[in-house]
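**Q** can't give you the sequence, but here's the structure:
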Ligand SMILES: Nc1ncnc2c1ncn2[C@@H]1O[C@H](COP(=O)(O)OP(=O)(O)OP(=O)(O)O)[C@@H](O)[C@H]1O
Ligand SMILES: [Mg+2]
């Protein structure tokens, strides 16, 4: 039952609304003045406020302001006998939900109330779902539900609170930068800077100055003193992306800084102490680099204190539907399109493709599909042709399921079985339109076992 606060100095008006809205099941509380209203707002929890504008002690606009300060989510509908464009504009600007002129039709007010409450409910639901999604399937901005990712989240949580240097490896687009940010966000350094530099993108001659700073006049073009990123990130985190691209000369300089925890700006004589946490990332094989003598062994060991490896997306296909839905929501919001889902057939293609560009490629494919889609559902036609071939090929593979091709490291039996279970459960739920009894029946299962499995796999 929604609780509505009616603020009006006229008793007849309060009574009228109490009777008319009470009939619809709303619980009405009346306030005869602005002062009384603010008192009630402090005490009670209201779902909506209806306020007159002209009152002797305090104007309705002030009541509105008060509500918005207390809880900006509560919708406020303003009513007034003296329609003035300025007050209306002012009220809407301050966040009033709507503005009605007396005498108004009670049905008009009721429709307004219904819409306002519905909008509020949806907003709360979205906030709730987002929080739940994040909690269940993610860390900071990273999503994942595969056992690989869930383990990774645990690992990141544990590593984040330490001060150790981390080396993040993984193919391009697997989320290395997200890992670095998640570590910073989960660390006691969160209130300080996270600075990121792509060692491959900065010309070698500038990298030293970028990292450690320089003094005015220390080289041609150094027209002012310049603070390096290590100083900017003091007490925070420095993210050295594409570390394999760093020249061997810079590697030596970096190693020195890591050992001594002091930096010297180019051209300066004195050194400064810096307290930074280092996270480095690469999509190259650094150990190979050490063997090939392109990467210094001593620096490698300095960086590789805590290695974190991100699996390619094709090795954690369970994450694909979750990520695809997430990117769908993101793209449709930014493009203002009303696309509700990805058709099962399209999702099949996504699940089977081998994703050389990993999560970034998936994001791009979804964004493109959302841009091209004219119906309310992402159809298989919107997925690039080249991706379909994988799905055909895998169907042929499925035909000879006996011939499992085992990768070198083997196959995680439990995970494989779990993913089949999950797949069946979600398909059944989807096809049953979310009706659990129906879905359970489709799997010849009793409702209790079915619910148990839903819970086990965090499926709704
Ligand atoms: N688990 C995830 N959940 C949500 N988004 C993700 C996830 N992993 C990656 N992304 C998104 O994919 C894109 C690529 O991620 P990121 O830049 O972290 O990858 P990377 O490993 O640093 O790639 P590169 O080696 O090319 O620099 C980003 O837009 C990122 O937000
Ligand atoms: Mg990156």
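**A** Sure thing, it's come through. No experiment lies behind these values; they were computed from the predicted model shown. Numbers count the residues shown, from 1 in each chain. Ligands and ions are numbered 1, 2, ... in the order given.
**Q** which residues touch the residue of the stretch 151-300 of the chain found nearest ligand 1?
**A** When distances are taken as Cβ to the nearest ligand atom, the stretch 151-300 of the chain reaches nearest to ligand 1 at residue 175, 2.8 Å away. C-betas here are computed from N, CA, C, even on glycine. Taking Cβ atoms under 8 Å, 6 or more residues apart in numbering as the criterion, residue 175 is in contact with 142, 310, 358, 359.
**Q** likewise residue 104?
**A** Taking Cβ under 8 Å, 6+ apart, we find residue 104 in contact with residue 79.
**Q** about what we covered before: farthest-apart pair in the contacts of residue 175, please.
**A** When the contacts of residue 175 are compared pair by pair using Cβ to Cβ, the farthest-apart members prove to be 142 and 358, with a separation of 12.9 Å.
**Q** what distance do you get for the one residue in the stretch 351-460 of the chain that gets nearest to ligand 1 to residue 327?
**A** Across the stretch 351-460 of the chain, the shortest distance to ligand 1 (Cβ to the nearest ligand atom) belongs to residue 359, at 3.5 Å. Residue 359 sits 9 Å away from residue 327, going by Cβ to Cβ, to the nearest Å.
**Q** please say which of those two ends up with more neighbours.
**A** More neighbours surround residue 359 than the other of residue 359 and residue 327, with 25 against 21 (other Cβ atoms under 10 Å).
**Q** how much space between the more buried one and residue 167?
**A** Between residue 359 and residue 167 the distance, using Cβ to Cβ, works out to 20 Å.
**Q** beyond the strand or helix carrying residue 49, next helix or strand please.
**A** Residue 49 is located in strand 48-52, with elements delineated by DSSP states H and E. Heading C-terminal from strand 48-52, the first helix or strand you meet, by DSSP H and E, is helix 60-70.
**Q** that next one vs strand 48-52, what angle?
**A** Here helix 60-70 points in a direction 160 degrees away from that of strand 48-52 (axes from the mean of the first three to the mean of the last three Cα atoms, to 10 degrees).
**Q** buried ones in helix 60-70, by neighbour count?
**A** 60, 61, 62, 63, 64, 66, 67 (16 or more other Cβ atoms under 10 Å).
**Q** just list the residues touching residue 455, thanks.
**A** Contacts here follow Cβ under 8 Å, 6+ apart; on that basis residue 455 touches nothing.
**Q** check the secondary structure at it for me.
**A** The assignment at residue 455 comes out as helix when based on DSSP: H, G, I helix; E, B strand; the rest coil.
**Q** can you give me phi and psi for residue 420?
**A** For residue 420, the backbone dihedrals are phi -70, psi -40 (criterion: degrees, to the nearest 10).
**Q** tell me, how many residues neighbour it?
**A** Using other Cβ under 10 Å, residue 420 has 10 other residues around it.
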